[in-house]
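[1] sequence plus predicted model, see below.
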Amino acid sequence: MYLGDIHGNFGLIGQYIDHYGLKDAHIIQVGDFGVGFNTIAKEKRMLEMFHTKLVKHNVIVWAIRGNHDFKPHFDNDPFGFTNIRLVKDYTVLNLEGKNILCMGGAVSVDRRWRQTTKQRSGIFENNDVPTGIESWWPHEEFIYDEDKVKDLRDINIIVTHTAPTYCTPDNTFGFGPFVDGVVRDTGDTELKTDLHVERKMLTDIFQLIKMNNDITNHYYGHFHRSDVLNMYGTKHRLLGVGELFEERE
(Lines give C-alpha, C1' and ligand atoms only; values in the text may rest on other atoms or scores of the structure.)
Protein backbone atom coordinates (compact mmCIF):
# COMPACT_ATOMS: atom_id res chain seq x y z
CA MET A 1 0.00 0.00 0.00
CA TYR A 2 1.03 3.58 -0.64
CA LEU A 3 0.05 6.67 1.31
CA GLY A 4 0.12 10.32 0.27
CA ASP A 5 1.40 13.30 2.26
CA ILE A 6 0.11 13.38 5.83
CA HIS A 7 1.97 16.44 7.22
CA GLY A 8 2.18 15.16 10.78
CA ASN A 9 -1.34 13.69 10.90
CA PHE A 10 0.07 10.42 12.19
CA GLY A 11 -3.25 9.31 13.64
CA LEU A 12 -4.64 8.99 10.11
CA ILE A 13 -2.78 5.71 9.71
CA GLY A 14 -4.45 4.31 12.82
CA GLN A 15 -7.80 5.37 11.40
CA TYR A 16 -7.10 3.45 8.20
CA ILE A 17 -6.13 0.38 10.22
CA ASP A 18 -9.45 0.51 12.03
CA HIS A 19 -11.57 1.37 8.99
CA TYR A 20 -10.14 -1.26 6.65
CA GLY A 21 -9.16 -3.84 9.25
CA LEU A 22 -5.54 -3.70 8.08
CA LYS A 23 -3.08 -6.26 9.38
CA ASP A 24 0.12 -7.92 8.21
CA ALA A 25 0.72 -5.03 5.81
CA HIS A 26 3.37 -2.63 4.57
CA ILE A 27 2.51 1.02 3.92
CA ILE A 28 4.98 3.17 1.99
CA GLN A 29 4.41 6.85 2.71
CA VAL A 30 5.56 9.08 -0.15
CA GLY A 31 7.02 11.97 1.84
CA ASP A 32 5.88 14.96 3.89
CA PHE A 33 5.50 12.54 6.75
CA GLY A 34 5.93 15.58 8.96
CA VAL A 35 8.88 14.98 11.29
CA GLY A 36 11.31 17.64 12.44
CA PHE A 37 8.89 20.38 13.45
CA ASN A 38 9.33 19.54 17.14
CA THR A 39 12.14 18.23 19.31
CA ILE A 40 13.03 14.55 18.99
CA ALA A 41 11.63 13.78 22.46
CA LYS A 42 8.27 15.41 21.73
CA GLU A 43 7.90 13.79 18.33
CA LYS A 44 8.82 10.40 19.73
CA ARG A 45 5.97 10.72 22.22
CA MET A 46 3.62 11.68 19.39
CA LEU A 47 4.67 8.70 17.28
CA GLU A 48 4.41 6.32 20.22
CA MET A 49 0.72 7.13 20.44
CA PHE A 50 -0.04 5.06 17.36
CA HIS A 51 3.05 2.85 17.10
CA THR A 52 1.49 0.38 19.55
CA LYS A 53 -1.42 -0.11 17.15
CA LEU A 54 0.96 -0.71 14.25
CA VAL A 55 2.74 -3.42 16.22
CA LYS A 56 -0.53 -5.00 17.31
CA HIS A 57 -1.75 -5.29 13.72
CA ASN A 58 1.69 -6.07 12.26
CA VAL A 59 1.61 -3.02 9.99
CA ILE A 60 4.93 -1.39 9.09
CA VAL A 61 5.06 2.19 7.80
CA TRP A 62 8.01 3.09 5.57
CA ALA A 63 8.27 6.88 5.17
CA ILE A 64 10.48 8.62 2.62
CA ARG A 65 11.39 12.24 3.15
CA GLY A 66 9.48 15.14 1.67
CA ASN A 67 10.17 18.85 1.73
CA HIS A 68 8.23 19.06 5.00
CA ASP A 69 10.60 16.64 6.75
CA PHE A 70 13.92 17.01 8.55
CA LYS A 71 16.52 15.28 6.38
CA PRO A 72 18.94 14.19 9.16
CA HIS A 73 16.15 12.03 10.64
CA PHE A 74 16.04 10.07 7.38
CA ASP A 75 19.82 9.79 7.12
CA ASN A 76 19.95 8.40 10.66
CA ASP A 77 16.55 7.55 12.16
CA PRO A 78 16.61 8.83 15.79
CA PHE A 79 13.37 7.17 16.93
CA GLY A 80 14.18 3.47 16.78
CA PHE A 81 10.64 2.21 16.22
CA THR A 82 10.19 -1.28 14.78
CA ASN A 83 7.06 -0.44 12.79
CA ILE A 84 7.78 3.14 11.74
CA ARG A 85 10.83 3.31 9.49
CA LEU A 86 12.30 6.54 8.11
CA VAL A 87 13.85 5.57 4.79
CA LYS A 88 17.20 6.96 3.66
CA ASP A 89 17.40 8.24 0.08
CA TYR A 90 18.25 5.60 -2.53
CA THR A 91 17.25 2.73 -0.28
CA VAL A 92 15.90 -0.34 -2.10
CA LEU A 93 13.14 -2.08 -0.17
CA ASN A 94 12.31 -5.70 -0.96
CA LEU A 95 8.67 -6.09 0.00
CA GLU A 96 6.21 -8.75 -1.12
CA GLY A 97 8.46 -9.87 -3.93
CA LYS A 98 9.03 -6.36 -5.34
CA ASN A 99 12.19 -4.27 -5.36
CA ILE A 100 11.21 -0.69 -4.53
CA LEU A 101 13.65 2.20 -4.97
CA CYS A 102 12.94 5.17 -2.66
CA MET A 103 14.20 8.67 -3.48
CA GLY A 104 12.95 11.53 -1.31
CA GLY A 105 13.24 15.28 -1.17
CA ALA A 106 11.80 18.28 -2.99
CA VAL A 107 11.99 22.06 -3.18
CA SER A 108 9.42 23.80 -0.98
CA VAL A 109 7.31 26.34 -2.82
CA ASP A 110 6.60 27.89 0.59
CA ARG A 111 10.22 28.00 1.70
CA ARG A 112 10.41 31.78 2.16
CA TRP A 113 7.29 31.79 4.34
CA ARG A 114 8.71 29.01 6.51
CA GLN A 115 12.19 30.47 6.97
CA THR A 116 13.04 32.31 10.17
CA THR A 117 14.37 35.86 10.04
CA LYS A 118 17.91 34.55 10.59
CA GLN A 119 17.56 32.00 7.80
CA ARG A 120 16.43 34.70 5.38
CA SER A 121 19.65 36.49 6.31
CA GLY A 122 21.70 33.39 5.49
CA ILE A 123 22.27 32.23 9.09
CA PHE A 124 21.62 28.51 9.61
CA GLU A 125 22.39 27.56 13.19
CA ASN A 126 20.49 24.31 13.75
CA ASN A 127 21.06 22.01 10.76
CA ASP A 128 21.55 18.75 12.68
CA VAL A 129 19.12 18.74 15.61
CA PRO A 130 15.54 20.09 15.40
CA THR A 131 14.67 22.70 18.01
CA GLY A 132 10.96 23.09 17.43
CA ILE A 133 11.60 26.67 16.30
CA GLU A 134 12.60 26.17 12.67
CA SER A 135 10.06 24.84 10.18
CA TRP A 136 12.33 24.90 7.14
CA TRP A 137 15.82 23.41 6.82
CA PRO A 138 18.57 23.40 4.20
CA HIS A 139 19.12 20.36 1.98
CA GLU A 140 15.41 19.65 1.57
CA GLU A 141 15.63 19.19 -2.19
CA PHE A 142 15.95 15.99 -4.21
CA ILE A 143 19.60 14.97 -4.44
CA TYR A 144 20.70 13.63 -7.82
CA ASP A 145 23.25 10.83 -7.40
CA GLU A 146 24.00 8.91 -10.58
CA ASP A 147 26.42 6.58 -8.80
CA LYS A 148 23.60 5.30 -6.57
CA VAL A 149 21.48 4.09 -9.48
CA LYS A 150 23.72 3.25 -12.43
CA ASP A 151 24.36 -0.32 -11.27
CA LEU A 152 20.87 -1.07 -9.97
CA ARG A 153 19.10 -4.04 -11.49
CA ASP A 154 15.72 -5.74 -11.01
CA ILE A 155 13.99 -2.62 -9.69
CA ASN A 156 10.21 -2.90 -10.18
CA ILE A 157 8.81 0.21 -8.47
CA ILE A 158 10.06 3.73 -7.75
CA VAL A 159 8.75 5.93 -4.94
CA THR A 160 9.61 9.64 -4.90
CA HIS A 161 8.23 12.78 -3.35
CA THR A 162 8.34 14.99 -6.43
CA ALA A 163 8.34 13.71 -10.03
CA PRO A 164 9.75 13.92 -13.56
CA THR A 165 8.76 16.89 -15.71
CA TYR A 166 6.20 15.00 -17.81
CA CYS A 167 4.23 13.74 -14.77
CA THR A 168 1.26 15.58 -13.27
CA PRO A 169 1.49 18.53 -12.92
CA ASP A 170 3.19 18.87 -16.31
CA ASN A 171 5.48 21.89 -15.99
CA THR A 172 6.88 21.74 -19.50
CA PHE A 173 5.43 25.16 -20.35
CA GLY A 174 5.59 26.84 -16.95
CA PHE A 175 4.34 26.57 -13.37
CA GLY A 176 1.00 28.35 -13.46
CA PRO A 177 -0.62 31.10 -11.40
CA PHE A 178 -0.02 29.54 -7.97
CA VAL A 179 3.77 29.56 -8.27
CA ASP A 180 3.63 32.96 -9.97
CA GLY A 181 1.73 34.26 -6.96
CA VAL A 182 4.22 32.80 -4.48
CA VAL A 183 7.13 34.42 -6.32
CA ARG A 184 5.29 37.73 -6.36
CA ASP A 185 4.33 37.59 -2.68
CA THR A 186 7.64 36.31 -1.30
CA GLY A 187 10.19 37.76 -3.70
CA ASP A 188 11.68 34.28 -4.14
CA THR A 189 13.04 35.00 -7.61
CA GLU A 190 15.06 31.75 -7.75
CA LEU A 191 12.05 29.50 -7.07
CA LYS A 192 11.03 28.79 -10.66
CA THR A 193 14.58 27.96 -11.68
CA ASP A 194 15.03 25.60 -8.72
CA LEU A 195 11.73 23.86 -9.45
CA HIS A 196 12.59 23.47 -13.13
CA VAL A 197 16.04 22.07 -12.39
CA GLU A 198 14.68 19.61 -9.86
CA ARG A 199 11.95 18.23 -12.12
CA LYS A 200 14.54 17.88 -14.89
CA MET A 201 16.83 15.95 -12.52
CA LEU A 202 14.00 13.53 -11.78
CA THR A 203 13.44 13.08 -15.51
CA ASP A 204 17.12 12.36 -16.08
CA ILE A 205 17.44 9.87 -13.23
CA PHE A 206 14.32 8.02 -14.34
CA GLN A 207 15.77 7.65 -17.81
CA LEU A 208 19.01 6.31 -16.35
CA ILE A 209 17.24 3.80 -14.10
CA LYS A 210 14.91 2.61 -16.84
CA MET A 211 17.82 1.75 -19.11
CA ASN A 212 18.48 -1.30 -16.91
CA ASN A 213 15.17 -1.91 -15.16
CA ASP A 214 11.55 -2.56 -16.03
CA ILE A 215 9.75 0.02 -13.88
CA THR A 216 6.09 -0.91 -13.83
CA ASN A 217 4.90 1.62 -11.25
CA HIS A 218 5.92 4.95 -9.79
CA TYR A 219 4.24 6.54 -6.75
CA TYR A 220 4.70 10.13 -5.59
CA GLY A 221 3.00 12.94 -3.68
CA HIS A 222 3.96 16.58 -3.04
CA PHE A 223 1.39 18.20 -5.33
CA HIS A 224 -1.73 17.68 -3.19
CA ARG A 225 -3.88 16.12 -5.87
CA SER A 226 -4.63 12.67 -7.25
CA ASP A 227 -3.91 11.52 -10.80
CA VAL A 228 -2.49 8.66 -12.86
CA LEU A 229 -0.47 8.72 -16.07
CA ASN A 230 0.80 5.85 -18.20
CA MET A 231 3.99 6.98 -19.90
CA TYR A 232 6.93 5.11 -21.41
CA GLY A 233 5.79 1.78 -19.98
CA THR A 234 5.39 3.03 -16.39
CA LYS A 235 2.21 3.88 -14.50
CA HIS A 236 2.87 7.10 -12.59
CA ARG A 237 0.41 7.56 -9.73
CA LEU A 238 0.18 10.85 -7.88
CA LEU A 239 -1.36 10.43 -4.43
CA GLY A 240 -3.38 13.19 -2.83
CA VAL A 241 -3.04 14.31 0.77
CA GLY A 242 -3.80 11.35 3.03
CA GLU A 243 -4.76 9.12 0.09
CA LEU A 244 -4.23 5.39 0.71
CA PHE A 245 -3.84 3.29 -2.42
CA GLU A 246 -3.25 -0.37 -3.10
CA GLU A 247 -2.36 -1.57 -6.60
CA ARG A 248 -4.38 -4.64 -7.50
CA GLU A 249 -2.97 -6.97 -10.09
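    Yep, it's here. Numbering: from 1, shown residues only.
[2] in contact with the most centrally placed residue in the chain, which residues?
    Nearest to the mean C-alpha position of the chain, by C-alpha atoms, centre = their mean, lies Gly31 at 2.2 Å. Residues in contact with Gly31 (C-beta atoms under 8 Å, 6 or more residues apart in numbering) are 5, 63-67, 69, 104-106, 160-161, 220-222. Where you see a C-beta, it was placed from the backbone N, CA and C, and this is true even at glycine.
[3] so, low pLDDT: which residues of this protein?
    When residues are selected by pLDDT under 70, those of the chain lie in 126, 249.
[4] so what's Gly105 closest to, chain neighbours aside?
    The shortest distance from Gly105 to any non-neighbouring residue, by C-beta to C-beta, 6 or more residues apart in numbering, is to Phe142 (4.1 Å).
[5] which residues does the one you found contact?
    Taking C-beta under 8 Å, 6+ apart as the test, what Phe142 contacts is Met103, Gly104, Gly105, Ala106, Val107, Thr160, His161, Thr162, Glu198, Met201, Leu202.
[6] the second one reaches His68, doesn't it?
    No - contact status for Gly104 versus His68: not in contact, 11.1 Å apart, counting by C-beta atoms under 8 Å.
[7] in TSV, list the contacts of Phe142 along with neighbour count, secondary structure and distance to Gly14.
    Converted to TSV, the contacts of Phe142 look like this (neighbours: other C-beta atoms under 10 Å; DSSP: H, G, I helix; E, B strand; the rest coil; distance: C-beta to C-beta, whole Å):
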residue	neighbour count	secondary structure	distance to Gly14
Met103	27	strand	27
Gly104	30	coil	23
Gly105	24	coil	27
Ala106	27	coil	26
Val107	20	coil	31
Thr160	28	strand	26
His161	28	coil	23
Thr162	25	coil	27
Glu198	20	helix	33
Met201	17	helix	35
Leu202	24	helix	32
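[8] next up, the contacts around Thr131.
    Thr131 makes contact with Thr39 under the criterion C-beta under 8 Å, 6+ apart.
[9] name the SS class of it, please.
    coil (DSSP: H, G, I helix; E, B strand; the rest coil).
[10] checking the residue lying closest to Gln115 once chain neighbours are set aside next. Helix, strand or coil?
    In space, and not counting its chain neighbours, Gln115 is closest to Trp136: 5.0 Å by C-beta to C-beta, 6+ apart. Of the three states, Trp136 takes coil under three-state DSSP.
[11] how many residues are close by Trp136?
    Residues near Trp136, counting by other C-beta atoms under 10 Å, number 21.
[12] start the count at 34 instead of 1 going forward.
    Sure, I'll start counting at 34 from here, so that last one is Trp169.
[13] from Phe114, how far off is it?
    25 Å (C-beta to C-beta, to the nearest Å).
[14] same thing with Tyr253?
    Taking C-beta to C-beta, one finds Tyr253 at 24 Å from Phe114.
[15] comparing those two, which residue is more hemmed in?
    Tyr253 (28 against 16).
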